[in-house]
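Participant: When you get a sec, could you give me coordinates for this:
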Amino acid sequence: MSQLIKNVWKKFDLAKEGKEVDYFFRFLKSEAIKYDLQKCVIINGVKSKFNKAVKNISNLNSNDNIVKILSNWIQFSDLQKDDVILSGIIDTRKISCSLKAHLELRGVWHLVNEEIIVHDIPAEFERYIERVVLDDDNRIPDKYYNSINGKFMREEYRSLNSLIYKMSQKIVGNPTYRKGDLIIESTWNHDVVGSIVDYLLHNIKMCRNWDNGRVESTYTMRCKSKKGDFQGYIQSVADRSHNYEIVFGETSYGPNHPNNLDHIYGDQVRLAKFGKISFESIYNLFPRQDHKLLKNINIFIVQSHGYFLTLSIMDCKFLPFYRIRSIQNLHIPLETGPNSLEFIKKLAQTLYNYHLLVKETVKHIDKIDVELATRLGSVTPPNQIRTQTAIPIFETL
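Facilitator: Alright, predicted model coming up:
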């Protein structure tokens, strides 16, 4: 008898000493008999969907060791109803304790939770930040006005200067954010998130949608929420009706909003599912023999919540599972003085590394999309190339 069943009967023994014993007995007994609690978790309202999701994952046939471990583990797991693992998403930011312990026991947790290396920002950029913040000197070095790559570097400096100005003038020391009043999402998006996204996507040709723009890849997919606060996408040359949606963002309330933990987690789940659906739409665009070319594509997830900003990356290293890792969870301080300089440096370093990763993915997508366009006549229709092992979205939100 599983530990879960033992706990059920233990609760029954305690209930015999209280009120409504008969009702409690019938409830506990019916639940314990009706379900094999070693193989599934009883989730009110979504029992059948949960069982189906568990079955889909447990029946996966893969040569990948991580996939094998997950498909074996899930049959005996103790999951919450909205755990994204049921949708085929390994979210290392909020992974269940039992799964983490199981992966550690099998010696593979370090592979799943692979660190994203954050490099130092170029020394000349760091010196520039110090000049702008401490001396209000935003002059671009003269050497970039007469060099081969001068235009590119001038744009780099201008984008960095814009980020410093907006963050130091609009946020650090701004009385709007020092009173402790509730800050609405639109204000926070305008002052903070928009400035950060501008820097993340500078010098990158990408379309953007704000304020509940429809996520195109969900048009034909089953997903309860089909809108996000922000998204960035690249228009396909090979298929004019398709967009490569690779950046998704949500603001889970502005600062000082009470009791927003549920909303933060709900948006985290929504963004994870958006990322997975977008990945699958990209895979459906290419013939199966070209799927190996998509391994270097990442989806980028930006979530603002209160005074925190979480930057995450989704990849497809363990197909049919999709993995999410965070590059950084930044705190946006309100202090002025020296602390603001250190904050700006840390922010610039993190965003610069994230920017380079986005740029690398965009470059890779441009390349494979052009290759696809040159042989479009031989491409199999998308509805015939869907990966057979794809794990369906488990709808809970």
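Participant: all contacts plus neighbour counts: C-alpha atoms, from now on.
Facilitator: Fine.
Participant: Does the residue nearest the centre of the chain belong to a helix, a strand or coil?
Facilitator: By CA atoms, centre = their mean, the chain has its centre lying nearest to Ile301, at 3.9 Å. Three-state assignment for Ile301 (DSSP: H, G, I helix; E, B strand; the rest coil): strand.
Participant: Identify the bridge partners of it.
Facilitator: Bridge pairing for Ile301 (DSSP bridges) gives the partners Phe248, Ser312.
Participant: quick one: it from Leu200, how far?
Facilitator: 12 Å (CA to CA, to the nearest Å).
Participant: Run through the strands of the stretch 101-250 of the chain in chain order.
Facilitator: Counting by DSSP state E, counting those that start in this stretch, one finds strands in the stretch 101-250 of the chain at the ranges 207-214, 227-235, 243-251.
Participant: Among these, show me which one is buried the most.
Facilitator: strand 243-251 (a mean of 24; mean count of other CA atoms under 10 Å).
Participant: and the closest residue in space to Arg208 that isn't next to it in sequence, what does it touch?
Facilitator: Nearest residue to Arg208 in three dimensions, chain neighbours excluded: Gly232, at 4.5 Å (CA to CA, 6 or more residues apart in numbering). With contact taken as CA atoms under 8 Å, 6 or more residues apart in numbering, Gly232 is in contact with Met206, Cys207, Arg208, Asn209, Glu245, Ile246, Val247, Phe248.
Participant: Looking at those residues, which is nearest Pro255?
Facilitator: Phe248 (20.2 Å; CA to CA).
Participant: That closest one and Gly213: what is the separation?
Facilitator: According to CA to CA, Phe248 stands 11 Å off from Gly213.
Participant: so what's in contact with these two at the same time?
Facilitator: Contact criterion CA under 8 Å, 6+ apart; residues shared by Phe248 and Gly213: Gly228, Asp229, Phe230, Gln231.
Participant: Reformat these as a markdown table; add pLDDT and distance to Thr374.
Facilitator: Formatted as a markdown table, these follow (pLDDT from 0 to 100; distance: CA to CA, whole Å):
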| residue | pLDDT | distance to Thr374 |
| --- | --- | --- |
| Gly228 | 80 | 33 |
| Asp229 | 87 | 35 |
| Phe230 | 90 | 32 |
| Gln231 | 91 | 28 |
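Participant: which one among those gets closest to Arg131?
Facilitator: Among the shared contacts of Phe248 and Gly213, Phe230 lies closest to Arg131 (CA to CA), at 32.5 Å.
Participant: so what's the closest one bridging to?
Facilitator: Per DSSP bridges, residues listed as beta-bridge partners of Phe230: Trp210, Gly249.
Participant: and it, what is it in contact with?
Facilitator: So Phe230 contacts Arg208, Asn209, Trp210, Asp211, Asn212, Gly213, Val247, Phe248, Gly249, Glu250 (CA under 8 Å, 6+ apart).
Participant: ditto for Tyr165
Facilitator: Tyr165 touches nothing, counting by CA under 8 Å, 6+ apart.
Participant: so where is this protein shaky, pLDDT-wise?
Facilitator: Counting by pLDDT under 70, the chain shows low-confidence ranges at 1-48, 170, 172-173, 178-179, 212, 220-225, 259, 334-339, 375-390, 392-397.
Participant: one more time with 80, if that's ok
Facilitator: Along the chain, the model assigns pLDDT under 80 to residues 1-52, 75-82, 146-149, 168-181, 211-227, 241, 256-260, 287-290, 333-340, 375-397.
Participant: where do the helices sit along the stretch 1-150 of the chain?
Facilitator: Secondary structure of the stretch 1-150 of the chain (DSSP state H, counting those that start in this stretch): helices at 3-15, 21-34, 47-58, 65-73, 97-105, 109-112, 123-135, 150-170.
Participant: Run through who's touching stretch 304-313.
Facilitator: Taking CA under 8 Å, 6+ apart as the rule, stretch 304-313 contacts 193, 249-257, 264, 298-303, 324-333, 354.
Participant: Stretch 118-136 too?
Facilitator: Here stretch 118-136 makes contact (CA under 8 Å, 6+ apart) with 137-138, 157, 161, 164, 168, 327, 341, 344-345, 348-350, 352-353.
Participant: same thing but at 6 Å, please
Facilitator: Asp137, Asn138, Gln349 (CA atoms under 6 Å, 6 or more residues apart in numbering).
Participant: now do stretch 242-256
Facilitator: Here stretch 242-256 has contacts from 182-185, 188, 229-236, 264, 299-307, using CA under 6 Å, 6+ apart.
Participant: ok, the closest residue to Thr374 other than its chain neighbours - contacts?
Facilitator: Using CA to CA, 6+ apart and skipping residues adjacent in sequence, the residue nearest Thr374 is Ala238, 7.8 Å away. Going by CA under 6 Å, 6+ apart, Ala238 touches Asp369, Leu372, Ala373.
Participant: got a winner among those for most neighbours?
Facilitator: Compared across the contacts of Ala238, Leu372 has the highest neighbour count, 21 neighbours, by other CA atoms under 10 Å.
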